[in-house]
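Q: Sharing a model prediction with you, sequence too.
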Amino acid sequence: MGQGSGFGKSILFGEHFVVYGLPAIAAGISSRTIAVVTRKDSPGWTLDDDRPAMPGYKEKKLDEQKVSIDNVIRYCGIDLSKEGIHIELKGDLVCASGIGASAANCVALARALNDEFDLELSDERINEAGYEGEKGYHGTPSGIDNTASTFGGLVWYIRNLDGDSPTFEKIKLEKPAYLVIASTGLTASTKEVVGDVRAKKEEDPEWFEEIIREYDELVHDAKKALMKYNMEKVGQLMNRNHELLQKITVSCKELDELVKVAKEHGALGAKMTGTGRGGNMIALAQDETTQVKIKEALIENGAAGAWTTTFGI
Ligand code: MEV
């Protein structure tokens with residue numbers, strides 16, 4: 001039996017913009033997906049997916065998940081034509097759009113295969129396996145989700161548009177920052193939403209370029225503010241990042257409503273996170289008391305689920 005895990009993540013800055021080579025900042029969260037692999041006599045793979053999930057999430061993602069599992073197995077060089085494997089997925093990461101559930105699935109599986117078949121893969125190779133798996137969910141992943149899922153922590157990430165390895169570095173904060181994550185309960189297709197944004201960019205390149213210019217300045221300011229632990233500034237920049245995501249039409253009324261509720265209940269800043277058009281939002285809190293207050297307000301005002309976590313150390 002082989003076992004491995006992958007972290008969930010929240011993108012603090014830069015979903016969608018990261019696809020076009022702009023920097024993004026993601027926080028690995030402590031919740032994870034665990035994969036357990038056992039060998040079986042018959043060929044191929046079978047799956048028991050026992051991960052907790054938002055209603056409809058697993059069904060909607062099933063076809064993409066199958067491609068992704070094949071991709072990870074192929075990357076790891078495992079031949080299942082004679083003897084196969086059974087895969088069990090579990091863990092405390094509640095699967096929803098925006099929490100990195102697909103990447104955590106891929107990374108956990110790569111680690112479990114590594115364990116069972118003594119592949120001796122480094123974390124960098126596990127990350128590459130995760131990236132191959134992510135291609136099953138959408139053809140052109142930026143790689144930020146699998147990187148955050150593999151390494152955890154707070155990550156500054158730049159995709160290399162030439163196909164070479166991405167640039168990423170860990171950012172360490174002087175103390176943990178308080179985050180609330182809330183779900184709309186809606187599942188979006190990353191492939192579709194990323195495709196829509198690309199179409200809009202191609203339709204009006206100048207409009208997109210202007211948004212990108214503003215985002216580029218914003219994300220560099222966000223890195224500086226995080227490193228100075230200036231959470232008020234980080235919150236303001238999250239608010240502005242949300243507005244830019246609204247402009248490129250990846251937010252939706254459910255996300256906007258949760259963002260509004262979080263701000264009304266003391267969040268320093270709030271934004272959608274990940275793919276958008278459903279999925280999750282995040283809110284930054286100044287301390288643990290406010291964090292709990294925001295979480296409760298989100299649940300009372302329409303969130304399908306809400307969680308507290310910390311990031312940055
Ligand atoms: C999805 O979690 C983040 C997107 O930017 C897609 C990607 O980076 O591959 C929307």
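A: Sure, I can see it. Numbering: from 1, shown residues only.
Q: Could you measure from the residue in the stretch 1-150 of the chain positioned nearest to the ligand over to residue 23?
A: Closest contact between the stretch 1-150 of the chain and the ligand, by Cβ to the nearest ligand atom, is at residue 142 (3.3 Å). (C-beta placed from N, C-alpha, C; glycine too.) Per Cβ to Cβ, to the nearest Å, residue 142 is found 11 Å from residue 23.
Q: Then residue 148?
A: With distances taken as Cβ to Cβ, residue 148 is found 14 Å from residue 23.
Q: Need the residues touching each of those two.
A: residue 157 (Cβ atoms under 8 Å, 6 or more residues apart in numbering).
Q: Which of these two has more residues huddled nearby?
A: Taking other Cβ atoms under 10 Å, residue 148 and residue 23 do not tie; residue 148 has more neighbours (32 against 21).
Q: what about that one, which helix or strand?
A: According to DSSP states H and E, residue 148 maps onto helix 144-151.
Q: what's the following helix or strand after the one helix or strand residue 284 maps to?
A: Per DSSP H and E: residue 284 is located in strand 280-285. Past strand 280-285, further along toward the C-terminus, the next helix or strand under DSSP H and E is helix 288-300.
Q: got the residues of the stretch 101-250 of the chain near the ligand?
A: Contact residues (Cβ under 6 Å from any ligand atom) of the stretch 101-250 of the chain with the ligand: 141, 142, 144, 145, 190, 194.
Q: Please name the nearest non-neighbouring residue to residue 148.
A: Among residues not flanking residue 148 along the chain, residue 9 sits closest, at 3.7 Å (Cβ to Cβ, 6 or more residues apart in numbering).
Q: what's the one helix or strand that neighbour maps to packed up against?
A: Element membership for residue 9 (DSSP H and E) is strand 2-13. Secondary-structure packing of strand 2-13 (3 or more Cβ pairs under 8 Å, 6 or more residues apart in numbering; DSSP states H and E): strand 24-40, helix 101-116, helix 144-151, helix 205-227, helix 231-247, strand 269-273, strand 280-285, strand 305-311.
Q: What is the burial count for residue 36?
A: Neighbours of residue 36 (other Cβ under 10 Å): 20.
Q: One more: residue 56?
A: 11.
Q: Distance-wise, check the residue lying closest to it once chain neighbours are set aside relative to residue 137.
A: Leaving aside its chain neighbours, residue 56 sits nearest to residue 187 (5.6 Å; criterion: Cβ to Cβ, 6+ apart). Note on residue 187: its distance to residue 137, by Cβ to Cβ, is 12 Å.
Q: what residues do the two have in common as contacts?
A: Both residue 187 and residue 137 are in contact with residue 61, where contact means Cβ under 8 Å, 6+ apart.
Q: and the residue sitting nearest the centre point of the chain, what is it in contact with?
A: In the chain, the residue lying closest to the centroid (Cα atoms, centre = their mean) is residue 100, at 3.0 Å. For residue 100, the contacting residues are 7, 8, 9, 10, 93, 145, 148, 149, 274, by Cβ under 8 Å, 6+ apart.
Q: how about 7 Å then?
A: 8, 9, 145, 148, 149 (Cβ atoms under 7 Å, 6 or more residues apart in numbering).
Q: Could you tell me what pLDDT the model assigned to the last one?
A: This points to residue 149. We have a pLDDT of 96 for residue 149.
Q: again with the third one
A: Among the per-residue scores, residue 145 holds a pLDDT of 95.
Q: burial of it, as a residue count?
A: 32.
Q: If you drop the residues flanking it in sequence, what lies closest to it?
A: residue 103 (3.6 Å).
Q: doesn't residue 166 make contact with residue 143?
A: Yes - Residue 143 lies in contact with residue 166 (Cβ atoms under 7 Å); the separation is 5.2 Å.
Q: between the two, what contacts are shared?
A: Shared contacts of residue 143 and residue 166, counting by Cβ under 7 Å, 6+ apart, come down to residue 159.
Q: Please say which of the two ends up with more neighbours.
A: Neighbour totals were compared for residue 143 and residue 166, and residue 143 leads with 23 against 17 (other Cβ under 10 Å).
Q: which residues touch that one?
A: The neighbourhood of residue 143, defined by Cβ under 7 Å, 6+ apart, consists of 131, 159, 166.
Q: now swap in residue 104 and tell me
A: Counting by Cβ under 7 Å, 6+ apart, residue 104 has contacts 6, 7, 8, 32, 33, 93, 149.
Q: tell me the two of these that are most distant?
A: Spatially, the most separated pair among those is 93 and 149, at 9.6 Å (Cβ to Cβ).
Q: Return the per-residue confidence for residue 313.
A: Residue 313 carries a pLDDT score of 83 in this model.
Q: tally of neighbours for the nearest residue to it once chain neighbours are set aside?
A: Nearest residue to residue 313, sequence neighbours excluded (Cβ to Cβ, 6+ apart): residue 176, at 5.1 Å. When neighbours are counted by other Cβ under 10 Å, residue 176 registers 12.
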